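Peer 1: coords below, sequence missing:
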């Protein structure tokens, strides 16, 4: 996703969610997010959690880059790219991106990258731990995952930047 600080400088957000639990695994925010940064985030997530069986993502240049594809191959991760112009093939992240846009990006004017990072972290915590989801039996994602999903099983991960 893309937004601007009050000084007009462009910022990008790389959002990663778990398909099964709808949990936001990470929101990476910076002025620029290239393929090496995407790979760094994916490695960091794999160390904190299980390596996913596959990742569904759009066709952004940082996601189709050779470095990202090499990382996926080396880690045994299948990359499922959605068809251009078909956002419904990645519906969970599209839904999340809309919530993130309305709930945070459109609700604030950010003075700095650090402010956007801090507010994104707080918003992610609220989304994962306190906000009930109709599709998750009216439970927040982390509560749903703890009750209904088996631990240690690699799950599908959805990621996207726009």
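Peer 2: Arrived safely. These figures come from a predicted structure and were not determined experimentally.
Peer 1: The chain: helices as residue ranges?
Peer 2: Secondary structure of the chain by DSSP state H: the helices cover 35-48, 61-64, 66-74, 91-100, 113-129, 141-148.
Peer 1: Tell me where the model's unsure across the protein.
Peer 2: Segments of the chain classed as low confidence (criterion: pLDDT under 70) are 150-162.
Peer 1: hang on, the earlier thing: put together TSV for the helices of the chain, with mean neighbour count on each row.
Peer 2: (Glycine included, C-beta is placed from N, CA and C.) What follows is the helices of the chain, written out as TSV (neighbours: other C-beta atoms under 10 Å):
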stretch	mean neighbour count
helix 35-48	16
helix 61-64	16
helix 66-74	14
helix 91-100	18
helix 113-129	16
helix 141-148	17
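Peer 1: Residue 5: which of the ones you listed is closest?
Peer 2: Taking C-beta to C-beta, helix 113-129 is the member of the helices of the chain nearest to residue 5, at 7.1 Å.
Peer 1: what angle do that closest one and helix 91-100 make?
Peer 2: Using axes from the mean of the first three to the mean of the last three C-alpha atoms, to 10 degrees, the inter-axis angle of helix 113-129 relative to helix 91-100 is 120 degrees.
Peer 1: and helix 113-129 with helix 141-148, angle?
Peer 2: Here the directions of helix 113-129 and helix 141-148 differ by 30 degrees (the same axes, to 10 degrees).
Peer 1: Tell me the spacing between the nearest residue to residue 27 once chain neighbours are set aside and residue 36.
Peer 2: Nearest residue to residue 27, sequence neighbours excluded (C-beta to C-beta, 6 or more residues apart in numbering): residue 120, at 4.7 Å. According to C-beta to C-beta, to the nearest Å, residue 120 and residue 36 sit 21 Å apart.
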